[in-house]
Each structure stands twice: as C-alpha cells, then as structure tokens.
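Asks: Predicted coordinates and the sequence they were generated for:
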4 protein chains.
Amino acid sequence: MAGSSFGNVFRISTFGESHGAAIGVVVDGCPAGLTIDEGFIQSELDRRRPGQSAIVTQRKESDTVQILSGIFEGKSTGTPIAMVIPNTDARSQDYNHIAEAFRPSHADFTWQSKFGLRDHRGGGRSSARETAARVAAGAIAKLFLMENGISVSAYVSQVGQLKLAQPYEALNLLLTESNPVRCPDPEMAIQMEALIREVRKAGDTIGGVVSCVIQNCPAGLGEPVFDKLHADLGKAMLSINACKGFEYGSGFEGVTLRGSEHNDAFYNDGGAIKTRTNHSGGIQGGISNGMDIYFRAAFKPVATIVAEQESVNEQGEPAMVSGKGRHDPCVLPRAVPIVEAMAALVVADHLLRGRGAKV
Amino acid sequence: MAGSSFGNVFRISTFGESHGAAIGVVVDGCPAGLTIDEGFIQSELDRRRPGQSAIVTQRKESDTVQILSGIFEGKSTGTPIAMVIPNTDARSQDYNHIAEAFRPSHADFTWQSKFGLRDHRGGGRSSARETAARVAAGAIAKLFLMENGISVSAYVSQVGQLKLAQPYEALNLLLTESNPVRCPDPEMAIQMEALIREVRKAGDTIGGVVSCVIQNCPAGLGEPVFDKLHADLGKAMLSINACKGFEYGSGFEGVTLRGSEHNDAFYNDGGAIKTRTNHSGGIQGGISNGMDIYFRAAFKPVATIVAEQESVNEQGEPAMVSGKGRHDPCVLPRAVPIVEAMAALVVADHLLRGRGAKV
Amino acid sequence: MAGSSFGNVFRISTFGESHGAAIGVVVDGCPAGLTIDEGFIQSELDRRRPGQSAIVTQRKESDTVQILSGIFEGKSTGTPIAMVIPNTDARSQDYNHIAEAFRPSHADFTWQSKFGLRDHRGGGRSSARETAARVAAGAIAKLFLMENGISVSAYVSQVGQLKLAQPYEALNLLLTESNPVRCPDPEMAIQMEALIREVRKAGDTIGGVVSCVIQNCPAGLGEPVFDKLHADLGKAMLSINACKGFEYGSGFEGVTLRGSEHNDAFYNDGGAIKTRTNHSGGIQGGISNGMDIYFRAAFKPVATIVAEQESVNEQGEPAMVSGKGRHDPCVLPRAVPIVEAMAALVVADHLLRGRGAKV
Amino acid sequence: MAGSSFGNVFRISTFGESHGAAIGVVVDGCPAGLTIDEGFIQSELDRRRPGQSAIVTQRKESDTVQILSGIFEGKSTGTPIAMVIPNTDARSQDYNHIAEAFRPSHADFTWQSKFGLRDHRGGGRSSARETAARVAAGAIAKLFLMENGISVSAYVSQVGQLKLAQPYEALNLLLTESNPVRCPDPEMAIQMEALIREVRKAGDTIGGVVSCVIQNCPAGLGEPVFDKLHADLGKAMLSINACKGFEYGSGFEGVTLRGSEHNDAFYNDGGAIKTRTNHSGGIQGGISNGMDIYFRAAFKPVATIVAEQESVNEQGEPAMVSGKGRHDPCVLPRAVPIVEAMAALVVADHLLRGRGAKV
C-alpha cells in the first residue's frame, strides 16, 4: 500500500533514491512475445537525462539502464522485466544543508512528518530522479503500443506566460525534438528558451504546461465508473513531481460553453464512426471513442532556487535555506518524455484490461 | 478489474443501473467502532437528490437508503457496510430513443464499442445516478473524518462565465447550502441561478467549476510516488461524470509564477509548523503538510439538450437525436455533495493507509 | 483491505451478517454478453440451503436471490452484478447466550479481539451463512466456465473415519446429488448418512473431506510464482468456514514416493499432449497442463455442540456454554456446492487473467 | 496481474530467471524506522543457498545480496527496499536439453503453453532459484516480527516414510540448524540424511513435509471471510515450488474427531485468555487467538532425476529426457528457510493490515 506501484495488468513498481546505489523499476504483466529494443529504452532515458542541453540541470548522470530479467532472445517472456539505473554523480555533500532545514515547497517536511525520518540526500525518493524509472518502464509500454499502432506525443505548450495559441492539430509534432525546449513551434521555442535562460540567470525558476496527444487509440479503452481512461491519465500526470493540474478535451475552458456548442456530433466517415468536433478529447463516459485523446498537464516552477528563503529546521527553529544542488530552471523540457511514459503506461494497461470486456 | 471499486483500505464498490432495480454500494474497510448516524447518510443523499430545487432535474427519486449490513447497535463492526437505494421513478420509455441512436457526447457509443451491448435505459450504468452510491459511501467516510476533526467543504465557484473572484478564505462557506446553486456568495448565487434558468428555458445546458477545501487534515497523509494525495484526489474528481479537469493549490495559473514567488516559506506558529503562503494547496511531494488542502474541478455542460443533433445509430446510419428525459440544465449544484463525498473517501483511505508508515 | 473480496479480474465482494437484513455479493468483472440463467443461480443456492434434508440444520431460510444490477435482457452487461439474499428466519434470541460467553472453537473471541465489538447474533459475519453469497457468485462463474466447456464437480469423499477408497475416475459423479450426503458411491453414502444421524442424536458433530475435480480446463491457466493456480485454489478452499487443509494431485501421500515414481511422463495422444499418470493433479509449475485438476479439502467437525463446554466471557470470567441454535451435525453435504463455487471463481478469474499472457 | 507480487500492505515483488543476470525483490510497505541488519539477511540466504551441505545441490551460487534502496543510516525509510542477487554459476549448457523436450513434472510444458515461448535455461523463472528473493524479503519481515516479539520456526518433520512422531511442543527447535537435514530430532535427522544419501546415489529424489510454528503472535491477526490468516498462510506455502498440500492445526486428521473432542475450551490463565487444547492451530474464524500457530506443508519429490524418461518436444514428437543439471535429491532441508520466509511475510502483512481494524 506504500504507493510505489502503478497500473493493474501492465503494472510497474519503482524503487530507489536520488543518492542511493541505484534507481530502478520492475514491469510485471508485459505480455510475452513483445520484441524489446533495448536501444529504444536507452534513447527514451536520454530524452529525460540531466545535462542534455544548456537549459536543464548539469548533474552528470549517464542514466544507463541495465536489464536484469524478463527478456530472452530479444523478446519479453511474460515474466517481470527488472531494470536498474545506477546512480553515478551523487554529490551528496551538495545536500547536507537539506538535513538541517526543510526546503520550502519541497517534500522534506512532509516526508519527515509521515515517516519520522528521511533520506535527505538530494531529496531521497522524493527527487524527480525517480521518474527515470518511469521512463524506462514507459518505453516498454510504448513498444507494446507501437505493435498496436498507437502513438503518444507530448510537447511543451507553455512556459511562464509564453503559451502556444495553436491546438495540436495545427502543429508539426515531428519538430518537438528539434529544439531543447521540446516545443514544436520553432519560433515559440526560441522565445521559451530565452525565457528559461533569463530565469536561470536570475537564480530563479519558472513553470509551464505540457500538452499530449494519443493517436490511433481504438474505441473501447477505459473502465466504467472509477477507472475511467481520463481519470487514470489524470492520476498518472498528477503523480509526476511538480504537476499541479490536469485537463483533457475542452478542459477548464469548456465549462463556459453551452451543451449545444460543446456536444460532438457523430457521423459515419466511410465506415468509421467519428465526431465532427472533439471537445470530448477522445473519451466519452471514461471510455475512448477512437478520436484523438488529448490533455494538458500543469507544472509549477521548480522549488529549488538560489535565493535565501525563510524556513525551519527539524526542531521547528527558524533556519534560512538556499539552493545549492544543480537544479533545473524549468522542468518542462525534461517533463515531456515523462508525460509520454506515464500516458503510455495507462493506455497499455487499459489495452490489456479491455481484453476481459466481452465473453 | 472492471473499475467499479475505489480506495485501498477504505474501499468502496458501487453497483447498479439508472433504471434497474436499485443502485448501491459496499463499503469495505471502515474501522469498527464508528458511530453511524443513518440520518446523516440520508441527509447527504438529499443534497444530491433530483427534484430538490427548480434548477435541477425534476425526476422524482426519493433516494431512500437501506442499510443491509455492517452496523450493529449503531456502530460499524468492521465488516462490509452494504447500502441499497431502490430506483422508483424509472420512466424507461423516456429513453427508448437512446436505443436507436448514440446521444452525442454521452457514453452510449463508447459502452457499445467496449461491451458489444448495453443497458440503454437512462444511460444504464453510465448515468450520473451512480454517484448517489458514492454519496452514501462518502457519508460514512465523512463520519470517520469528523471523528478525526477533519472537514470537507465544496461549493460552486463558477457557472459558465460567472466566476467567483474571491478565494475560499474570503467566503463564508456556511452559506453554501443557503441557496439552490450552492454558491456561498449570495449575490453571485442569484446571478448563477438566473443564468441556469435562462439556459434551461433555451433547452440548453451550461458547465462550471466546483471548488473544495479540506481543513484540519494532519500532516503526513498521502503516499510517495504514485499514490500522492493530490493524484488520488484528482482521479477521484475525474471519475465523476462530466468532470474535465482538476487542479490543486496554485494549479494552472501557478505556472506563470517564478519559484521565488511560488514557494511557501515555513515558519513556526506557536509550535505548529505552517507556511506563510499556500500555493502548495496543503500538499507537498504528494503528502499533506497540515495546511488547508484546496482544489478545483471543472464540469462540462450536460450533454442532454432539447435541440435535435446529428448522430448515427448502431448500424452506423445517420440518425437525429434530441433529449427527452428530465435532465439537469447545469450539473454543478448537485455535483457539490459528490465532490465532497469523493474527497472524503480519498482522505479516509489515506488516513488508514498512513497507519502503516512507521514501525 | 478488510478481506471481503476475492479474485482479481473476475472479482467478488460479499457482505452481510447471519441475522442482519440480508447477505449478498457484488460480482465485478464478469464479461459482457454472458447468458445468465437466474434459475441456475437459485438451484445452486438450493443445494447449499438449510433444511434441504434431515441431516442438515433445520433453520428455515428459503435463500431466495434477488438480482439488482448487471443483467439486461438476459445477458451480463459487463457491469457489477449485485445479488441480495434476504435473511428471513433469524431467531436472534437463540443466540443471546453467545453475547455472554465465547463459544469454543468459534470466531467469537477472535473477532472481539480484533474489532473490540461484534454482532454476536448467529455469529454475525463469521457465520457460514456468508457462503450463500459465494454460491450465488460461483453460479455466475460456472455459467462462464460452461461457455468454455469446463466443468467443476465436488463430492463428499470422507465423513469421520468413513473414507472412499476409489479415486474420482472410478466414481460416477452424476450420482453425487442422488443422496443427501452428496457421496457418489451409494453404499458409502448410506453408511455416511447413518454416521451423521448417529452423531446428531448424540448432540455431537463430525468432520470430513470434500474432493473436487475440474475437467476440460485448457493448458495455460495460472500465473507464475505467487498466483499459481493451485495456490489460489488452496486459498479459496481454506477461506471456507471450517476448512483445515488442502492438497492437490498426489498431496500429502505423494511425499513418500520417489521422483521416478511420481513424475508424469508426457506423450502425444492423437495431437493432444497428455501425461500417462497425473500425480501433478493437472497443474505443473502453478499452471494447468490440460489434464484433470483434482484436490481435496478437509473440514473440521462443526464447533456448535449440545454439551456444556468450559469457556470465558468478555470479562475473562469462567462461563459455561452449550449450543442452542439449529446447527449442522456435519458440514460436508452443504460444503459441496461451496467448494464448487469457490473453485469455479478461481478458474474463471484465471481464464480472464490468462488473456493478458501473450502480445 | 502477472502474479509476481505477494502481500497487501507489506508487499513484495520478485523478479529474475535462474540463468539471467540476477534475481531480486522489491519490498514495498515496510514501515519506516525498522533497524535493518544486513548480516541477518545474508545469513538467511545462506540457509537456503546451494552447496551448503553434501545432501543438497552442488550448484555454486554464493547468493550474495546487494541492497539498492530503501535503507538509510541502518534504518528502513518507508520506501521500497530493492535487493538484487546476481547469478554467478549459470552453466546454461547444462540445460540445453531442456530446450529440446519438456521435462516430466516440470513447468516447461505449461509455461510454453501459456506464453508461447520460454527462457528454458535452468527452468527460467519457474526455477526454485526464485525463492532466494523470497528469503531475502522474508528476512526483512522477520526483523519486523522480532520487533513485535513474534518468532517463526520451521523444520523438516518428514522425509519419505520417515516421519517425526512428536508434535512441535515435544521438540527442541533450537536443534533444527544442528544438522544438514534441519530436523530437530538428532536421531531422526541421521536416518533422514541416510535416506537422502541413498536416494541421491540411486539418481532419484524423495519428498517430505516441513512443519512450522509461529509463536507469540497476538490475538486479532487475519481478516474475515477471504483473507483469513490460515488462507493466506496456505496460499503462501502452496506458492512455493513443489508444495502439494497444506494443513493447519488438527488438519486432515482432525476430520475424524467429534466436535466434543475437537473443540478447544477457553480458560483464563492469569489474565490471558487461552485454550486448553489447540486443535484450532492458533486461528479461529481466520483470526489468530494468541495461541501458537502451527501448520504443515507437503513437498513432492524433486522432478529432476537421472533416469531417462518419456516425454515430447515442442513439436509434440516423442523425446526422451534425463536430468543433467546439478539438482537436489530432496528439497526439504532448503525448504525450511523458504517456509519461514513466506510465513513471516504473511504475518507481517497482517500485522500492518490489522492497524485498520478499529477507529
């Protein structure tokens, strides 16, 4: 019940602390017979890796994955796939100050409250480093989705006040990886990058939004009532460090529409039932309808900043704290592969759960 | 795996279709020794009940709860509490048209895609009537929270374009039940009610936002990594019919702030560790920090409208459809007790899960 | 986590106390499109019902099932099937003595220890009456298995010292229902019935063994490692009231064999891979191999006896106790449909789980 | 759903194949603040290790455990404890014959049937090598139980026809580790060892029984209905490779007793409620009553033997097979720590689950 597992049929359990020996993940429930491209897993990790560009943290982790089990002669065997990513650049001394005072808007205080002790080094398990394990597992899920023709594409759609005006259909998502921000609009990407650089220079941080679209998902995925497809996607996103909000389809803006404007009319497009608009975001009643699934996830500004901040220590005494670790000025570029990974895990899980729907 | 259960330790399983014999819920994991006030359960159901005011559906369901098990001499026994709410006003003939064509932006098409058949009467299990079972279960959860001094208060903060400007601290939440809209600002409530009446007269519907605040929640609730407290709250809200978005604390708007503005400084308030601001929404690293937990949930306009709409039938042929059932012009007023119920279920579950945190 | 649910994909949750309003069950995860014969469900309940013959308890419960949800036009819809069995012959006054002292070898003391209070009437939820809910759910599972050609047949193979010498292959299992003991050997049935009558006359009780065979189960059911098919069958049996032991295939006796005697040689029987012997009991490495699955479950003598017994009350003071309720002298005849129900639930669950095994 | 996890609150997930890179386990849900003695974990593994004596397999695995996470400054942190045991003596060529034909009474055929492919090397994941991961996890559970004063002691009580006549109370369990058989009766141990040597010389194998007693377990552990304490113990034992049966308390033999002989009278022993006899095996109604919990688990003769046996290959063609790997003539001595580990995991899980029983 301790919360480090996700999914029901395609299920992952992550482990590891930021400055321990390693982080890792066990993927249980991956069907047998899936061709596993280890290079693809590594390439996904590389998209999340520190030091990949000038606008992310300069921690020097190679994030090299080692597969311990579950694959034989290049194929999944139906048994747990364990993957380990050793920690190599753990400058724990950078974090000694964390032991002394609770960093504002970090998890130091709450973990201490919950467990009575904590591994403070680099935030321990509350570090976003844990998400590397999710990306490795998500890569397996993506391989399974690819076999089913389903794609998952995320991108940065907002940094601070800079917000893409276009919907995803008006963007060329193949350009997402063409710039360090991971914004598929090259001009906006340049502005965003400049903003992030400016923020970093000020020793500060900034938030933003990742948008994601899942294409070619068949109708019928998602379970009634509690395990609705978008509810699981929402939980998946909200479980990512720094995520503060989730909306799908028309989202928060859709509440101002009338039903007559918001409803998506059905029509027959050469045999396929489609909708004329897609305010539903590809999901109706919690179940996919075959249209594109799209959603947005909000990420707050990174809590680690250079300036001194008011806080207290474990004894409750006043204590100033300031960021000393090598941190991201903006989490958004590295959040893109994490969002994709979590979305892929949700869809893979529901693909398998859906196999029980009919006699 | 079919999705009709929610929670881990305090766990509910709902059942029932809109026009079947009954809907109901089994609550498993409620600790023994809790005093159960059956009148309170009924009063919560009455807040969700159809026909409670002129601005909600006029279906005539009394929603009278029958408790079948789990309570002895006024106290919970630690065994499953089963509650049944018979369906009494099931005018199934109002829904014959549903059998013939998929209602736009309803769950008819997706359920048919998933299961190959469906109970079309009143939407069957995809009907929001299912949420009555959640409210009954949520009432048990609320009783458990009350024993722990925790309160959960939701209210309507937006209908269409009409949006409360004040944060929850500036409102008197005791006024929420003083008007049929369930907006604690009496003047705004009058405007919202007028808007809903206008929309209904036009045979149309409108969306909105429910805000919710959880007070006096102890620090330490929520599990690391996937089962973060806000991730479970988000899933809970997104699992409610018509919910399209969730945000907590600073939410989507917070992404435009700098870290130096957004961080919540800690201080010692006479022995209690508090934060000067609360952009965190009472949750840091997925775990409650003892401050107020607050969040917002977006609800789309109800999909049932009077006007004729384009659609297709099960054979994929063009078919027009228009609303004939007695529906809500705006789901928001009745969503308030549902939001509270789901929030209470999440907190109750995490209160119990938290008992395993320390040796 | 409170233990009233069983199964993973085909999952049941039972509720209800012996002398409360009703007992019941929610079956979640039954695939859509299964033809549900309500008469069959009732006929299974009738096999477990009190008062069915002179050698079982004479409590007068009709055990009439009411289906509240999940079935439409005679077919399962993929949504939870809720079934309720009202309690009608609840002579609670027969059980007032239970409130005063802990009945030896009953669950009174342990439930009181665990929960701090208990519904003592008829044993409350610890009563074997709860198993009626399992039989109703098991009937749904059986219908699903029948669609897959799988049969589950249990019978009484031992009462006290009276033990069938033949293996199941040498018996005509169609005779099981031909006598009140449910022993398919008519001569042994007569002896067993005489023994049970003698025991009852003495105000005493006696134990025995139920044997069960599952036929036509395809190879490949069961999950590696922990959720082995026989481990789930074992848990299912041991969860039945009064069950003290479980063995499958060669069981406890097989430990005296050498590997060379015990191993089951494979051969090709006209295209089907079979084994020459079946010490494996149809399961190898926790996964079915296509041969008959067979197992035995031991049931202790019923704890309720007429004679006075030494005990203590809630205050720990000495208190004598003697059985006053209408009890079974031997639980075996009524255990047969319960064993079948639990076995069917396990196999149905694994049939559905198995759908995720391959890409 | 793939079956490699066990437990609810104290939950383990194992991974790894016999001849892959490593096997391992993630323990999630261990409470924070538990002192972790790594030497104890290793010493438990050493009890299960190949090559520990002349009567077990001579495979040369050191089974050295590496802890990757979840422990900080000698204490558990409440986060997942990942442990890895590298495979070092993987002579895969010894197992090439397995690729060609299904070994009788092994899992080769059933895994192939289920997954369509398999890692045949040393039996892959169906190898009993997986149980090393359980022993490592069980050591953590034992440390938690020790903090609660609970002990778990298993021993070999039968090898082939050689069966201890005494109950556990008449044995000195401190002698269990004094001989390679792990039988606490030194004279019987000599006979058993001789039998195992004789069997091995014949290229054959033999089965037996492990008995286990759990002492000082508080009353109140175990959940009503399905997750009864003995049902979970039973499933735990039956999930161990080669286990064919489980019984607790009076077990199969108890069925011949009358209720008047079998019932355990309660009495007050200086303030503690005890029973005069303990046919219940310390569990009544699925919940511990504070008396000793004891049970027996049957293990079949190891399936790998030297003699040639009839079988078929993947094409269904006749193929002879004979054991070439270094195997155990009798699994019993090495099963003792595995039985203890699984029992400890069950009790630890229920200790934590029990924290939710009362308000």
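Replies: Now that the structure is in, tell me what you want to look at.
Asks: Could you give the bridge partners of A:S211?
Replies: Counting by DSSP bridges, A:S211 forms beta bridges with A:Y155, A:R296.
Asks: mind listing the strands for the stretch 1-150 of chain A?
Replies: Ranges of strands within the stretch 1-150 of chain A are A:5-6, A:11-16, A:22-28, A:66-67, A:71-72, A:75-76, A:81-86, based on DSSP state E, counting those that start in this stretch.
Asks: swap that for the stretch 201-350 of chain A, sorry
Replies: A:208-215, A:243-248, A:266-269, A:272-275, A:283-284, A:287-288, A:293-299, A:309-312, A:318-321.
Asks: Output the contacting helices and strands for the longest one.
Replies: On a contact count with 3 or more Cβ pairs under 8 Å, 6 or more residues apart in numbering or on different chains; DSSP states H and E, strand A:208-215 meets strand A:151-159, strand A:293-299, helix A:332-353. (Glycine included, C-beta is placed from N, CA and C.)
Asks: could the ones you listed go into JSON lines alongside mean pLDDT and mean neighbour count?
Replies: Output for the helices and strands packed on strand A:208-215, formatted as JSON lines (pLDDT from 0 to 100; neighbours: other Cβ atoms under 10 Å in any protein chain shown):
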{"stretch": "strand A:151-159", "mean pLDDT": "98", "mean neighbour count": "24"}
{"stretch": "strand A:293-299", "mean pLDDT": "98", "mean neighbour count": "26"}
{"stretch": "helix A:332-353", "mean pLDDT": "98", "mean neighbour count": "27"}
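Asks: Could I get the ones you listed in a markdown table, plus columns for distance to C:L351?
Replies: Formatted as a markdown table, those follow (distance: least, Cβ to Cβ, whole Å):
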| stretch | distance to C:L351 |
| --- | --- |
| strand A:151-159 | 31 |
| strand A:293-299 | 30 |
| helix A:332-353 | 15 |
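Asks: among the strands of the stretch 1-150 of chain A, which is nearest chain C?
Replies: Closest to chain C of those is strand A:75-76 (Cβ to the nearest Cβ; 7.7 Å).
Asks: Could you check that closest one against chain D for contacts?
Replies: Yes - counting by Cβ under 8 Å from any Cβ of the partner chain, chain D has neighbours in strand A:75-76: A:K75.
Asks: Mind listing residues that contact that strand?
Replies: Identification of contacts with strand A:75-76 by Cβ atoms under 8 Å, 6 or more residues apart in numbering or on different chains yields A:30-36, A:70, A:140, C:359, D:117.
Asks: model confidence over it, on average?
Replies: Regarding strand A:75-76, the rounded mean pLDDT is 98.
Asks: For it, what is the distance to the chain centroid?
Replies: In terms of Cα atoms, centre = their mean, to the nearest Å, the centre of strand A:75-76 is set 25 Å apart from its chain centre.
Asks: Please pick the buried ones from the contacts of strand A:75-76.
Replies: Buried by 16 or more other Cβ atoms under 10 Å in any protein chain shown: A:30-34, A:36, A:70, A:140, C:359, D:117, out of the contacts of strand A:75-76.
Asks: Would you reformat those as CSV and include pLDDT?
Replies: Shown next, in CSV, are the buried ones among the contacts of strand A:75-76 (pLDDT from 0 to 100):
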residue, pLDDT
A:C30, 98
A:P31, 98
A:A32, 98
A:G33, 98
A:L34, 98
A:I36, 98
A:G70, 98
A:I140, 98
C:V359, 96
D:L117, 95
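Asks: Quick check: the farthest pair among those residues?
Replies: Using Cβ to Cβ, the buried ones among the contacts of strand A:75-76 span at most 16.7 Å, a distance reached by A:I140 and D:L117.
Asks: Pull the number of nearby residues for the closest residue to chain B within the stretch 101-250 of chain A.
Replies: For the stretch 101-250 of chain A and chain B, the shortest gap (Cβ to the nearest Cβ) falls at A:A107, measuring 2.3 Å. Number of residues near A:A107 (other Cβ atoms under 10 Å in any protein chain shown) recorded here: 27.
Asks: give the contact list for the residue nearest to A:L332 when sequence neighbours are not counted.
Replies: Using Cβ to Cβ, 6 or more residues apart in numbering or on different chains and skipping residues adjacent in sequence, the residue nearest A:L332 is A:G208, 4.1 Å away. By Cβ under 8 Å, 6+ apart, the contact list for A:G208 reads A:156-160, A:298-299, A:330-332, B:255.
Asks: Give the closest residue to the residue of the stretch 101-250 of chain A closest to chain B in space, chain neighbours not counted.
Replies: Using Cβ to Cβ, 6+ apart and skipping residues adjacent in sequence, the residue nearest A:A107 is B:G285, 2.3 Å away.
Asks: Phi first, then psi, for that neighbour.
Replies: For B:G285, the backbone dihedrals are phi 60, psi 20 (criterion: degrees, to the nearest 10).
Asks: in chain A, which helix or strand is least confident?
Replies: Least confident element among the helices and strands of chain A, by mean pLDDT, DSSP states H and E: helix A:96-100 (a mean of 74).
Asks: Not counting its own residues, what contacts that helix?
Replies: When contacts are defined by Cβ under 8 Å, 6+ apart, helix A:96-100 is touched by residues A:108, A:120-123, A:313, A:319, A:321-322, A:324.
Asks: where's it relative to the chain centroid, distance-wise?
Replies: In terms of Cα atoms, centre = their mean, the centre of helix A:96-100 is found 28 Å from the chain centre.
Asks: mind listing what the nearest residue to A:V84 once chain neighbours are set aside touches?
Replies: Once flanking residues are discounted, A:V84 sits nearest to A:G24: 4.0 Å by Cβ to Cβ, 6+ apart. When contacts are counted by Cβ under 8 Å, 6+ apart, A:G24 touches A:14-16, A:82-85, A:133, A:136, D:68-69, D:82.
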